[in-house]
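Participant: Pasting the sequence and the predicted model now:
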Amino acid sequence: MTPDFPIGPVLSALDVGGIGLFAATGAVAAARAKQTLVTFAFFALATGAGGGTVRDLLIGAPVFWVADSRPLIACLVIALFVWITPAKLWRGKALDWLDAIGMAAYAVFGAAKALSFGVPPLAAVLMGIFTACLGGIIRDILAGEPSIILRPELYVTAAALAAALFVGLTLLGVMLPIAAGLSALAGFTLRALAIWKGLALPTYRGG
Amino acid sequence: MTPDFPIGPVLSALDVGGIGLFAATGAVAAARAKQTLVTFAFFALATGAGGGTVRDLLIGAPVFWVADSRPLIACLVIALFVWITPAKLWRGKALDWLDAIGMAAYAVFGAAKALSFGVPPLAAVLMGIFTACLGGIIRDILAGEPSIILRPELYVTAAALAAALFVGLTLLGVMLPIAAGLSALAGFTLRALAIWKGLALPTYRGG
Amino acid sequence: MTPDFPIGPVLSALDVGGIGLFAATGAVAAARAKQTLVTFAFFALATGAGGGTVRDLLIGAPVFWVADSRPLIACLVIALFVWITPAKLWRGKALDWLDAIGMAAYAVFGAAKALSFGVPPLAAVLMGIFTACLGGIIRDILAGEPSIILRPELYVTAAALAAALFVGLTLLGVMLPIAAGLSALAGFTLRALAIWKGLALPTYRGG
């Protein structure tokens, strides 16, 4: 498949934001696990590029970091940055907020890239969710921590909101930069409520 | 690669059966883990579509649910159905039997799709095994349960029997619906003996 | 993408060595976990072919064992061989040394195959690391053992040395067999020091 419409500057910014912020959360997970610099780099790459890699494989696009090495360099620089900066910078909720911005940005960008390759709406929403959530799931599995997917706290739901809203607004003919900005903001807001107020989905109670 | 022969109605039925039954086992795993509705949907999709997705990536086919959203809709409907029905419906061995039918159906369909893309016999058998087993392995890893692949109980072996028998019969010129039906029945029967009688392979005892 | 230069006999030997040695380490992991012969075969395939499969998917090459069944047959024969030989053959450090040779060979071959498909240098180094390390990571996850990626002992670093040296020497115009031999030797030597002397990277100590 080839792109049906070009990815504009707003979407490119969301892409760079998603990669960089997720790479930082991966490197911090390596720091918490008292790992080596090589593991920092590995975690940064897997978390920053993992979701987008799966998306590209699924939609039949060339994997974004294979032909263009800049995302790789960004992940490596960020891993080194986390390694040399004071650990207290990366403690507490600061990381959750970086992750929230990365998640909202990546959900919209993933859905937009899928649409640009001619993927139908429902699958495009799913690609947005994958792009936003798989990097973090890979990070949690690598670090041996319980995955976000198993916690009732709103996370995947926020990614789904951002991706679905973007696809819906685009189908309605809203201009790309407006649709992208609104959708990322909506997804981030929902996730922010989850971090701030502990907003969560109800869990299964039998029936 | 492009298909060498069309997938007929018998194989399509096996495909739909595999997706739907595995999606149900994924949703039930989410219910057992007291998860949210979003996690139900995620588990249903990963279990129902996971094996076939890996198969399509490996044989270079377009991933089956990207261009056609019906398998996605089916997984989401099944996740909702498991969420709203009484939990006692899904307890005990009932699920093992659904899983057994899904496994046998998917082993044959996976091997048939690989053959239809010109994959040689041994790799086609492996594609049948992957299609049948990977969804369940992904489900077990996500839910934090010990994977079927680590238990001596016959499971992968039953999938291998179904896939190998189908490839062998097809090479011998047996008509597709007959080869598919016989092979799925053989794989299901072997798995049924494992569930019913505890039939298992011998484990390694040193040497 | 299509290959830019042919893979010569030295690289083919590295490829066969990587598959076979990793398949053996996978089968031995199955033996340690007291598994069945079917699980031996599954572990041998996943460990022997896992890294190369991910590499081929990422660079857009046809997956190497789908069109050519010989790697599959090799993995199955090796699984059977480990099953029938005395367990004491496979105890202790012997396995670490086989794994070290496989790792060095596969790091160079993976980078070379990526270069031959027109992948730029940094991404080609990463493909070498993936080819060398992912099979072992998959084996450890399947067997429920802590992954090599989480231990400070030099492993990924040795693969990175081999892959980066090969890509560097090739860019400098060194002949393929010489570049491949030197790089594999350097990677193996670094890994040997890690096995023999416990050579490890420093871990994160806060900052």
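Facilitator: Alright, I've got the coordinates. Residues are numbered from 1 along each chain as shown, chains lettered A, B, ... in the order given.
Participant: mind checking which helix or strand the spatially most central residue of chain A is in?
Facilitator: A centroid search over chain A (CA atoms, centre = their mean) returns residue A:132, at 3.0 Å, as the residue closest to the centre. If you go by DSSP states H and E, residue A:132 is part of helix A:121-143.
Participant: Now do that helix, average pLDDT.
Facilitator: When pLDDT is averaged over helix A:121-143, the result is 90.
Participant: Can you tell me what sits against the helix or strand just after that helix?
Facilitator: Using DSSP H and E, the helix or strand that follows helix A:121-143 in sequence is helix A:156-171. Defining contact as CB atoms under 8 Å, 6 or more residues apart in numbering or on different chains, one finds that helix A:156-171 is touched by A:100, A:103-104, A:106-108, A:110-112, A:115, A:121, A:124-129, A:132-133, A:148-149, A:176, A:178-180, A:182-184, A:186-188, A:190-191, A:194, A:201, B:38-39, B:42. (Glycine included, C-beta is placed from N, CA and C.)
Participant: and these, which are buried?
Facilitator: Buried residues within the contacts of helix A:156-171, counting neighbours by 16 or more other CB atoms under 10 Å in any protein chain shown: A:100, A:103-104, A:106-108, A:110-112, A:115, A:121, A:124-129, A:132-133, A:148-149, A:176, A:179-180, A:182-184, A:186-188, A:190-191, A:194, A:201, B:38-39, B:42.
Participant: on that earlier part again, what about the contacts of helix A:156-171, which are in helices?
Facilitator: Using DSSP state H, the members of the contacts of helix A:156-171 that fall in helices are A:100, A:103-104, A:106-108, A:110-112, A:115, A:121, A:124-129, A:132-133, A:176, A:178-180, A:182-184, A:186-188, A:190-191, A:194, B:38-39, B:42.
Participant: These: which ones sit near chain C?
Facilitator: Among the ones in helices among the contacts of helix A:156-171, no residue sits close to chain C (CB under 8 Å from any CB of the partner chain).
Participant: So which bits of chain A are right by chain C?
Facilitator: A:30-31, A:33-40, A:42, A:45, A:53, A:57, A:62-63, A:65-67, A:69, A:72-73, A:83-87, A:141-144.
Participant: Low-confidence regions, chain A specifically.
Facilitator: Low-confidence segments of chain A (pLDDT under 70): A:1-7, A:207.
Participant: Show me what from it comes close to chain B.
Facilitator: A:57-60, A:119-123, A:126, A:141, A:147, A:149-150, A:152, A:156-157, A:160, A:200-207.
Participant: Repeat the analysis, applying 6 Å as the threshold.
Facilitator: By CB under 6 Å from any CB of the partner chain, the residues of chain A that approach chain B are A:57-58, A:119-120, A:122-123, A:152, A:156-157, A:201, A:203-204, A:206-207.
Participant: Let's see if you can find the most crowded of the residues you listed.
Facilitator: The residue in the residues of chain A next to chain B with the most neighbours, by other CB atoms under 10 Å in any protein chain shown, is residue A:119 (27 neighbours).
Participant: and it, what does it touch?
Facilitator: A:59, B:66 (CB atoms under 6 Å, 6 or more residues apart in numbering or on different chains).
Participant: thinking again about what came up before, buried only: go through the residues of chain A next to chain C for me.
Facilitator: Buried among these (16+ other CB under 10 Å): A:30-31, A:33, A:35-40, A:42, A:45, A:53, A:57, A:63, A:65-66, A:69, A:72, A:83, A:141-143.
Participant: shouldn't residue A:148 be in contact with residue A:155?
Facilitator: Yes: contact criterion CB atoms under 6 Å: residue A:148 and residue A:155 qualify, at 4.8 Å.
Participant: Mutual contacts of these two, please.
Facilitator: Joint contacts of residue A:148 and residue A:155 (CB under 6 Å, 6+ apart) do not exist.
Participant: Need phi/psi at residue A:72.
Facilitator: phi -60, psi -50 (degrees, to the nearest 10).
Participant: Distance of it relative to chain B?
Facilitator: Using CB to the nearest CB, to the nearest Å, residue A:72 is found at 22 Å from chain B.
Participant: Could you do residue A:104 as well?
Facilitator: Residue A:104 is 16 Å from chain B, by CB to the nearest CB.
Participant: cool, and residue A:51?
Facilitator: 14 Å.
Participant: Remind me which helix or strand that residue belongs to.
Facilitator: Going by DSSP H and E, residue A:51 is in helix A:37-59.
Participant: and for the next helix or strand after that helix, what are the contacting residues?
Facilitator: Note on helix A:37-59: by DSSP H and E, the next helix or strand toward the C-terminus is helix A:64-67. Outside helix A:64-67, the residues within contact range by CB under 6 Å, 6+ apart are A:49, A:52, A:56, A:71, A:72, C:58, C:119, C:123.
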